[in-house]
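Asker: Fold the following.
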Amino acid sequence: MSTKLSRLYGMDIFTDSGKFIGNAQDFIVDLEGGEVSRVLIEALPAGKDDAKKSIREKSILYKNVKSVEDVIVVTKGPSVQPQ
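Answerer: Model prediction:
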């Protein structure tokens with residue numbers, strides 16, 4: 001699946017069972033691999049500890065993204081908590 005990252009900002013994120021998780025607010029990109037590694041449902045905080053907590057609790061591994069059309073559909077993972 002290939003798409004411009006700018007298209008994903010603000011998109012609604014749903015699990016494959018239809019539960020709303022949040023909106024795509026930020027992304028973590030693996031520059032060496034040239035791939036998105038995580039989608040964050042809140043903007044990444046500036047502080048190291050806050051950023052770690054946000055990544056742990058408010059992010060989705062991009063490998064769990066199943067579809068990107070009008071919304072982002074993901075397989076529910078352990079770090080995803082529906083809002």
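Asker: how about the closest residue to Gly22 other than its chain neighbours, what does it touch?
Answerer: Nearest in space to Gly22, with sequence neighbours left out and distances taken as CB to CB, 6 or more residues apart in numbering, is Ile41 at 3.4 Å. Placement of C-beta: from N, CA and C, glycine included. Each residue near Ile41 by CB atoms under 8 Å, 6 or more residues apart in numbering is listed here: Ile13, Ile21, Gly22, Asn23, Ala24, Gln25, Lys58, Ser59, Ile60, Gln83.
Asker: In this protein, where is pLDDT below threshold?
Answerer: Within the chain, the segments meeting pLDDT under 70 span 1-2, 77-83.
Asker: where along it do the strands fall?
Answerer: 12-15, 20-23, 26-30, 35-40, 59-61, 65-68, 72-74 (DSSP state E).
Asker: Make JSON lines out of those strands and add distance to Lys4 and mean neighbour count.
Answerer: Output for the strands of the chain, formatted as JSON lines (distance: least, CB to CB, whole Å; neighbours: other CB atoms under 10 Å):
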{"stretch": "strand 12-15", "distance to Lys4": "17", "mean neighbour count": "18"}
{"stretch": "strand 20-23", "distance to Lys4": "17", "mean neighbour count": "17"}
{"stretch": "strand 26-30", "distance to Lys4": "12", "mean neighbour count": "14"}
{"stretch": "strand 35-40", "distance to Lys4": "11", "mean neighbour count": "18"}
{"stretch": "strand 59-61", "distance to Lys4": "19", "mean neighbour count": "21"}
{"stretch": "strand 65-68", "distance to Lys4": "10", "mean neighbour count": "15"}
{"stretch": "strand 72-74", "distance to Lys4": "14", "mean neighbour count": "20"}
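Asker: Which one of these lies nearest to Thr3?
Answerer: Smallest distance to Thr3 across these (CB to CB): 5.7 Å, for strand 65-68.
Asker: The longest helix along the chain versus strand 35-40: what angle between them?
Answerer: If you go by DSSP state H, the chain has its longest helix at helix 48-57. For helix 48-57 against strand 35-40, the angle by axes from the mean of the first three to the mean of the last three CA atoms, to 10 degrees is 90 degrees.
Asker: Which other helices and strands does helix 48-57 contact?
Answerer: For helix 48-57, the elements it packs on are strand 35-40, judged by 3 or more CB pairs under 8 Å, 6 or more residues apart in numbering; DSSP states H and E.
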